[in-house]
Structure formats: C-alpha cells, structure tokens
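J.: A predicted structure for the sequence below; I have some questions about it.
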Amino acid sequence: MPDPDKSGAAREEAEEASAFSHPAVPPDVSAAYGDHPDQIVDFYAPRNGATAAPLVVVLHGGAWRAPYDRQYLTPFCDFLARRGFAVANVEYRRGPGTAVPHQGAEGPVAGRWPETFDDVATALDAMPALAAEHLPSADPRRTVVTGHSAGGQLALWAGARHVLPEGAPWRTPNSAALRGVVAIAPLAGFVLAEELGVCDGACVQFLGGMRELFDERRPYADPVELLPTGVATTLVQGRTDTTVPFELAEAYADAAAKAGEVVGVTFLEDVGHFPVIDPAADACAVVAEEIAQLAW
C-alpha cells in the first residue's frame, strides 16, 4: 500500500515548488515608512486602470525569520493587482533580535520584540498618507489587511490593536478603519502552535525565547487572546497544511465564538500551506474572493 505520509510530503513539496516557481514581480513604486532598511512598502497599482480601488495591505510570513522577506509574495501581490486591487506589500524587521533560541533550536531566530510590532503598527498608521502620495489609484477607506502564515498572525494583530492591554505602545483608542482582515493559514494561537511544534518553536522565540517572557508577552501578541475585535475577519486554511495545521484556525474561530464574535473560516480540502498564495492554484483565487467580499 502507498505510504500516506510519503505521498503527503510529495504533494506538499510539489505545492511549495509551484508557489516559488513564479519570478518576483517588481513593484510600481516603493516608499519608506521609517529609517531602517526593512521599513519599506512596495506598491502595486490595479492592472485594470481602476481608480478608487480597494487597498489590500499584505504582510508576508516566514516565521518572522530574517531569511524570509516580502519577495516571495510579490507574485501574489501582482495577482491581486490583476484582480483590480491596489496592493501594499509591507516589509518589517524580523529576527535575529535579542531573543534566545528556544529549546536549543538552531538556525535563524524568529522575530524581534518589540521591533516587529513597532514596524507593523507604524506601517499601518502611515498607510493612508503613503498611499495618497504613492498610489493615488487606491482608496484607503476600503482597506483590507491580509497576511500569510506568520503574516496572518500580524494581520489579525493589526485588526486588534484597539483591544490590546492598557499601556501597550501599539494600542489605538478605536478600532482600525478597515473593511476587514483575511488571515491566510495564520499562526492564530501561540499556545496551540507550540504544542503542535509549529515552525520549530517560533512563537516562543518571537516573544523572547524564554517561557516566562512568552507568558508575560502573549496578551500583547497572541491573536487568540485579542478577541472579540469587532472587525470583520475571515481565515482561509488548507486542510492538509502541515506547516500551520488547520487546528489553529479551528481554535481561533472557537475562541471568537466564545467571545461572542463570528469569524469566517474557509477550509480548503486537499490544500496545503502554499497553494493559498500561488497564483497558479485555485486556492489563491478563493483568497482573492474572500478579500473582495470584504473590500467591495
């Protein structure tokens, strides 16, 4: 009999190869939102020449680790632009920061505390003015934030800044002026992610690398702790995703329901971690449609 684990691994390998087979698509214009080299946004104008197009702010994944940047999502950004959206592809500071590698894990450290959150908050706050200057075809009044994997966590966090604990430097007095959030295969719950071994302890690393820091900082960072938000939110998740298992999306939706909030979850059968951002895959079109449902 065929080994299901081997066949699943082969499928995931093929899905990843397809997603990364597309050449990077250069932006129409780039703009800095700070002095650090990573504090930059790439803008893509809607390819259909539309004006007052919904603005999609994209946050890339890669477990918040430095080797992974916004470039892998440029074909996805171009795909959205060809669907008539104005797109902002945000870079932000990733690891290595001051974190201590978790449980002896080797390789790049995940994230920077607090710089990663500083950057996402600053970029979102600056976005209306940046778009007005550099992407006049965009309508910031119709903004949807989306993100893939670790970027999905940042997208959920960006929509929840008004419910951060009192005293948090990123807290806003009111909910963000967003049409909604579409989180794509997001790291939506840090405790469960650690229990499932997602991304080699990235969530603990991201919050400082030590268990006491993880527990102390999680209320400021973990999307499942920041509910309800009152912001329209949809998760898109592949059922066969082994990088970020679908249980995280289920748990987030359950936590939202217990908090009195309905969160949309679209589960895609026989889809792993990468087809959702692969312009050649049907799953990517599903993501674009979910964004459109909130934007228009």
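T.: Arrived safely, thanks for sending.

J.: rest of the way, CA atoms for contacts and neighbours
T.: Fine.

J.: just the helices in the chain please.
T.: 4-19, 74-82, 115-134, 150-158, 190-195, 202-206, 211-217, 247-258, 282-295 (DSSP state H).

J.: please identify the buried residues of the first one?
T.: Burial within helix 4-19, assessed by neighbour count using 16 or more other Cα atoms under 10 Å, is assigned to Gly8, Arg11, Glu12, Glu15, Glu16, Ser18, Ala19.

J.: longest strand of the chain?
T.: Assignment by DSSP state E gives strand 138-148 as the longest strand of the chain.

J.: partners of that strand in the sheet?
T.: strand 53-59 (parallel), strand 180-184 (parallel) (DSSP bridges).

J.: got a markdown table for those, with mean pLDDT too?
T.: Below are the strands paired with strand 138-148 laid out as a markdown table (pLDDT from 0 to 100):
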| stretch | mean pLDDT |
| --- | --- |
| strand 53-59 | 98 |
| strand 180-184 | 98 |
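
J.: could you dump those into JSON lines and include mean neighbour count and distance to Val145?
T.: What follows is these, written out as JSON lines (neighbours: other Cα atoms under 10 Å; distance: least, Cα to Cα, whole Å):
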{"stretch": "strand 53-59", "mean neighbour count": "28", "distance to Val145": "5"}
{"stretch": "strand 180-184", "mean neighbour count": "29", "distance to Val145": "5"}
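
J.: now the ones you listed in JSON lines, with distance to His148?
T.: Putting the strands paired with strand 138-148 into JSON lines (distance: least, Cα to Cα, whole Å) gives the following:
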{"stretch": "strand 53-59", "distance to His148": "7"}
{"stretch": "strand 180-184", "distance to His148": "5"}
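
J.: pass me the low-pLDDT residue ranges in the stretch 101-250 of the chain, would you?
T.: 101-106 (pLDDT under 70).
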